[in-house]
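Q: coords below, sequence missing:
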């Protein structure tokens with residue numbers, strides 16, 4: 001039985017506490033709630049066995065109700081609440097020694113108990129409180145309400161997802177030890193924290209198969225697990241993916257990450273022009289330091305106290321908060337970065353930031369710089385859209401060039417085949433012409449022989465009267481010879497027809513070769529044009545770098561002029577006094 005936050009405001013404090021105490025008495029041990037008062041003990045996390053899935057689900061729902069009741073009871077009566085250190089604290093002694101003022105808990109208790117009214121009428125007050133940092137004891141509930149995970153309905157339940165097998169399980173297991181390796185909740189192998197982290201990542205890989213599992217997301221899940229149970233963590237994770245652009249960041253293509261980094265570069269160029277020029281001169285790109293910032297929401301770069309406040313801010317204002325924090329971090333180490341080379345900058349931005357934001361003063365200064373940063377959301381969105389269109393055009397050009405190259409290779413292969421066929425046909429044509437010449441010579445000799453035979457026959461007929469037997473023999477021999485000549489004539493006609501067909505095929509092949517040669521010339525022209533365009537793009541990029549350098553120089557000159565203009569001028573009386581002094585001298 002869960003408690004609806006919107007219905008809490010209609011009860012008196014006594015009725016509310018009585019109802020919550022009655023529910024707490026029905027609770028069994030629940031290990032998934034790290035921030036409960038001591039009266040609620042831990043139990044093992046949800047397993048994938050079908051026999052225990054129903055019991056685990058009921059215990060988990062009761063655990064969620066207990067969390068809500070305990071938190072509201074704590075914020076309404078902070079003087080009676082027992083202090084319990086949060087698993088997300090990076091400094092437990094500081095958590096136990098420093099407490100938020102009671103009036104702050106009272107305000108947060110009223111706002112969380114009347115959440116719909118808070119969103120509708122007290123938006124500015126909520127923004128101010130969130131920017132100041134959510135108290136750790138109510139942070140888990142506040143994150144669920146800010147993200148909208150409390151009212152989330154999923155087609156497949158968390159326990160049901162855990163009963164299935166995920167193709168990402170091996171990869172998730174491999175990365176568990178890399179997530180918050182120094183934190184007590186996650187550092188032990190097969191510990192409660194690692195198992196909870198594995199369960200949530202496995203469930204989401206099955207819930208959203210297009211995203212599956214991506215490195216970087218365990219840091220966000222671990223951050224949530226420090227403040228709430230597994231099932232609530234899963235709900236908040238789904239909302240973060242759907243509504244806060246994280247899903248596009250974690251897709252296999254990571255197209256959204258490239259857009260975010262380009263937007264970050266535009267902000268650095270706008271607000272930190274000199275530093276942007278230094279980055280360009282060193283060949284230092286945002287992918288070398290800012291990718292992990294966006295993928296882990298600074299969990300791998302900043303202390304946990306700061307990361308909790310970043311998550312507060314992120315849930316309130318979305319990706320704009322990440323842009324502000326990223327620029328504010330660079331502002332904090334502006335002078336140091338200008339004096340470092342690439343290796344030094346990488347070391348500073350990836351490994352040394354935690355040491356700079358240990359104290360509350362440094363943390364407050366970081367967030368104040370982020371809040372004061374002038375950021376045009378419309379302009380930032382346009383920058384991202386232009387970058388996406390440019391990348392789509394480059395992709396289309398690359399695809400078209402690849403298609404033309406493939407087509408060119410196919411045409412060259414066809415040309416080779418046709419040239420081979422042409423050589424074969426030419427060889428056959430030459431053989432046919434030789435055969436034809438030989439047969440013509442043979443026909444000519446046969447005709448000459450026939451003429452001689454006719455002459456002999458005429459001479460024999462004129463000189464003596466042939467006998468019937470001799471006449472019949474000569475006639476039969478002549479007929480046989482004539483028949484042979486006719487057969488040879490037919491063969492000659494067939495050879496001439498075959499020669500004509502071969503000549504026609506040869507002409508067709510030559511025409512096709514000419515056509516393919518024309519297409520090859522056109523493809524070569526397109527490739528040459530592509531090379532020219534790439535050269536022009538390289539020149540434009542160089543010109544762009546020069547322009548940025550000139551802009552940086554002009555900016556320095558403008559600062560110098562502004563400094564000179566700010567110098568106070570001498571008054572008339574001061575000028576007269578100077579003139580009198582000069583005359584006296």
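A: Structure's in. What do you need? What you see is a predicted model; the values in this text were computed from it and never measured.
Q: check contacts around residue 485.
A: By C-beta atoms under 8 Å, 6 or more residues apart in numbering, the contact set of residue 485 is 443, 446, 447, 450. From N, CA and C alone the C-beta is placed, and that goes for glycine too.
Q: helix, strand or coil for it?
A: helix (DSSP: H, G, I helix; E, B strand; the rest coil).
Q: now do it, the pLDDT please.
A: Residue 485 carries a pLDDT score of 72 in this model.
Q: what do you get for residue 214?
A: For residue 214, pLDDT reads 86.
Q: and it, how many neighbours does it have?
A: By the criterion of other C-beta atoms under 10 Å, residue 214 has 19 neighbours.
Q: likewise residue 410?
A: 10.
Q: report the separation between it and residue 512.
A: As for residue 410, its distance to residue 512 is 14 Å (criterion: C-beta to C-beta, to the nearest Å).
Q: for residue 519, same thing?
A: Distance, residue 519 to residue 512, by C-beta to C-beta: 11 Å.
Q: cool, and residue 230?
A: Counting by C-beta to C-beta, the gap from residue 230 to residue 512 is 69 Å.
Q: those two: which has the busier surroundings?
A: Applying other C-beta under 10 Å to residue 230 and residue 512 shows that residue 230 carries more neighbours, namely 26 against 15.
Q: that one and residue 198 touch, don't they?
A: No - if you go by C-beta atoms under 8 Å, residue 230 and residue 198 don't touch, sitting 10.1 Å apart.
Q: give the contact list for residue 554.
A: Residue 554 touches nothing, counting by C-beta under 8 Å, 6+ apart.
Q: and the gap between it and residue 547?
A: 10 Å.
Q: can you check residue 282 too?
A: For residue 282, the distance to residue 547 - C-beta to C-beta - is 18 Å.
Q: with residue 365 instead?
A: Distance from residue 365 to residue 547, by C-beta to C-beta: 34 Å.
Q: looking at those two, which one has more neighbours?
A: Remark: of residue 365 and residue 547, residue 365 carries more neighbours, 15 against 10, as counted by other C-beta under 10 Å.
Q: which residue is the nearest non-sequential neighbour of the more buried one?
A: Counting by C-beta to C-beta, 6 or more residues apart in numbering, residue 365 lies nearest to residue 332, which is 7.4 Å off, once chain neighbours are set aside.
Q: isn't that neighbour up against residue 368?
A: No - contact criterion C-beta under 8 Å: residue 332 and residue 368 do not qualify, at 10.8 Å.
Q: for those two, list the residues in contact with both.
A: Between them, residue 332 and residue 368 share no contacting residue under C-beta under 8 Å, 6+ apart.
Q: higher neighbour count, those two?
A: Neighbours were counted for residue 332 and for residue 368 using other C-beta under 10 Å; residue 332 has more, 17 against 12.
Q: can you tell me the helix or strand for residue 119?
A: helix 115-121 (DSSP states H and E).
Q: beyond that helix, next helix or strand please.
A: helix 123-131.
Q: what's the angle between the next helix-or-strand element following that next one and helix 123-131?
A: Sequence-wise, the next helix or strand downstream of helix 123-131 (DSSP H and E) is helix 136-147. Calculated by axes from the mean of the first three to the mean of the last three C-alpha atoms, to 10 degrees, helix 136-147 forms an angle of 130 degrees with helix 123-131.
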